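1. Structure for the following, please:
(one chain, ligands or ions: 2)
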Amino acid sequence: MRDLFDTPILPGLTAVDDFVSADEAGALIAAIDACALEPFRFQGWLGKRLTHSFGWHYDFDTGGMAEASPIPAWLDPLRRRAEAMAGLAAGTLVQALVIRYDIGAGIGWHRDRPHFEHVVGISLGAPATLRFRRRIGDRFERATALLTPRGAYHLSGLARHAWEHSIAEMDAPRWSITFRSLSDTGRALIAAANR
Ligand SMILES: O=C(O)CCC(=O)C(=O)O
Ligand SMILES: [Fe+2]
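-> Numbers count the residues shown, from 1 in each chain. Ligands and ions are numbered 1, 2, ... in the order given. Now for the predicted structure:
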């Protein structure tokens, strides 16, 4: 994503508009709604956004990773396009998390779990602002990226690892699909847990 002067807003953040067509977006939203969506769970607390993972499931209650049902056929072509957009080899993005944000749902400040490396998100429904912050001494440096409906973004490098991101509570419904690759840390943690 670039500003008026064509410089990236954050190193490691790229975004494209119109990643999926309007027809595809309608079908993807219907397919997400047909998933067994559950409120995001975090240490005994239930979030307002509804989620379902494929490929791998990171459990925020236990801090563990478990294999989940495979990425379904309806997501596979999109995953391939997400890999191409991010310059990743086919088969790299092994997790898909689908989310529905109803009115009043958002996502608080976080960095994605270290088990994962690349993050490619597809935004459906209402536009949203992805907010970024990183602590510099006693203050926060901040940046924002507009997530246009049907657009995609890729987080890697500094945007992925040094900055936190969040989305304010929505005032209209939004759906997202985020594909992730495993990190070396993630592979090591999975191997250690299976020993
Ligand atoms: O909905 C989105 O696009 C962002 C989701 C997100 O940041 C996450 O699940 O870690
Ligand atoms: Fe995230």
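
2. Please, where are all the helices along this protein?
-> 22-33, 76-85, 157-161, 184-193 (DSSP state H).

3. ok, the spatially closest residue to Gly186 that is not a sequence neighbour - contacts?
-> For Gly186, ignoring the flanking residues on the chain, the nearest one in space by Cβ to Cβ, 6 or more residues apart in numbering is His115 at 3.3 Å. All C-beta spots, glycine's among them, are computed from the backbone N, C-alpha and C. Shown in contact with His115 (Cβ atoms under 8 Å, 6 or more residues apart in numbering): Trp56, Tyr58, Met65, Leu182, Ser183, Thr185, Gly186, Leu189, Ile190.

4. And stretch 160-180, what's buried?
-> Arg160, Trp163, His165, Ile167, Met170, Arg174, Trp175, Ser176, Ile177, Thr178, Phe179, Arg180 (16 or more other Cβ atoms under 10 Å).

5. Now intersect those residues with the strands, please.
-> His165, Ile167, Arg174, Trp175, Ser176, Ile177, Thr178, Phe179, Arg180 (DSSP state E).

6. can you list the residues of the protein near ligand 1?
-> Applying Cβ under 6 Å from any ligand atom, we find that the chain lies next to ligand 1 at Leu97, Ile99, Ile107, Asp112, Gly121, Ser123, His165, Ile167, Ser176, Thr178.

7. For Lys48, give me its contacts.
-> Listed by Cβ under 8 Å, 6+ apart, the contact set of Lys48 reads Pro39, Phe40, Tyr101, Asp102, Gly104, Ala105, Gly106, Glu169.

8. Report the buried members of those.
-> Counted by 16+ other Cβ under 10 Å, these give Phe40, Tyr101, Ala105, Gly106 as buried.

9. Please report how far the first one lies from Gly47.
-> Spelled out, it's Phe40. To Gly47, Phe40 is 4 Å away according to Cβ to Cβ, to the nearest Å.

10. so can I have JSON lines of the buried ones among the contacts of Lys48 showing pLDDT?
-> Compiled in JSON lines, these are given as follows (pLDDT from 0 to 100):
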{"residue": "Phe40", "pLDDT": "85"}
{"residue": "Tyr101", "pLDDT": "97"}
{"residue": "Ala105", "pLDDT": "95"}
{"residue": "Gly106", "pLDDT": "95"}
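
11. Would you mind checking which of these is nearest to ligand 1?
-> Comparing the buried ones among the contacts of Lys48 against ligand 1 with Cβ to the nearest ligand atom places Tyr101 closest, at 6.9 Å.

12. which ones are touching that closest one?
-> By Cβ under 8 Å, 6+ apart, the contact list for Tyr101 reads Lys48, Arg49, Ile107, Gly125, Ala128, Ile167, Met170, Pro173, Arg174, Trp175, Ser176.
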